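> After the sequence you'll find the predicted model.
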Amino acid sequence: MANVSEYIKESYIELTQKVTWPTWRELQNSAVLVLVAAIIIAMLIFGMDQIIGYLLNKFYSSLA
């Protein structure tokens with residue numbers, strides 16, 4: 001049981017004294033960057049899906 005309390009105490013010290021937390025501005029910049037990257041990746045996947053769907057429709061319509 002002493003190990004658990006020691007672990008919690010050391011974790012608290014590390015989180016409050018040793019971790020460098022980002023500023024509010026850095027956090028906002030990172031969030032915007034993640035949002036833009038997610039939108040770009042989603043658009044790429046959507047584009048690939050549309051192209052593959054179009055090609056498959058052409059392929060299957062040529063068989064009929």
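That came through, no problem.
> Val19 - how many residues pack around it?
Other residues near Val19 number 7, with proximity taken as other CB atoms under 10 Å. C-beta coordinates here come from the backbone N, C-alpha and C atoms, glycine included.
> What confidence value was assigned to Met1?
What the model reports as pLDDT for Met1 is 68.
> Please spell out the segments of this protein that come in under the pLDDT threshold.
Along the chain, the model assigns pLDDT under 70 to residues 1.
> what about the longest helix in it?
helix 24-63 (DSSP state H).
> Give me the distance between that one and the centre of its chain.
14 Å (CA atoms, centre = their mean, to the nearest Å).
> could you say what helices and strands that helix packs with?
For helix 24-63, there is no helix or strand it packs on, judged by 3 or more CB pairs under 8 Å, 6 or more residues apart in numbering; DSSP states H and E.
> Which positions in it come out as buried?
Neighbour-count burial for helix 24-63 flags no residue at all (criterion: 16 or more other CB atoms under 10 Å).
> for stretch 3-22, same thing?
For stretch 3-22, a neighbour-count test (16+ other CB under 10 Å) marks nothing as buried.
> Now tell me what touches it from outside.
Contacts to stretch 3-22, defined as CB atoms under 8 Å, 6 or more residues apart in numbering, come from residues Ser30.
> Now that stretch - C-alpha only, CSV.
Coordinates of each C-alpha in stretch 3-22 appear next as CSV, following Å, rounded to 0.1, in the frame of the first residue of the first chain:
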residue,chain,number,x,y,z
ASN,A,3,4.0,1.9,-3.0
VAL,A,4,0.7,3.2,-4.2
SER,A,5,0.8,6.3,-2.0
GLU,A,6,4.4,6.9,-3.0
TYR,A,7,3.5,6.6,-6.7
ILE,A,8,0.6,9.1,-6.3
LYS,A,9,2.9,11.5,-4.5
GLU,A,10,5.6,11.3,-7.1
SER,A,11,3.1,11.6,-9.9
TYR,A,12,1.7,14.8,-8.3
ILE,A,13,5.2,16.3,-7.9
GLU,A,14,6.1,15.4,-11.5
LEU,A,15,2.9,16.9,-12.9
THR,A,16,3.2,20.1,-10.9
GLN,A,17,6.9,20.8,-10.9
LYS,A,18,8.6,18.9,-13.8
VAL,A,19,6.1,19.0,-16.6
THR,A,20,6.2,22.0,-18.9
TRP,A,21,2.6,22.9,-19.7
PRO,A,22,1.8,24.8,-22.8
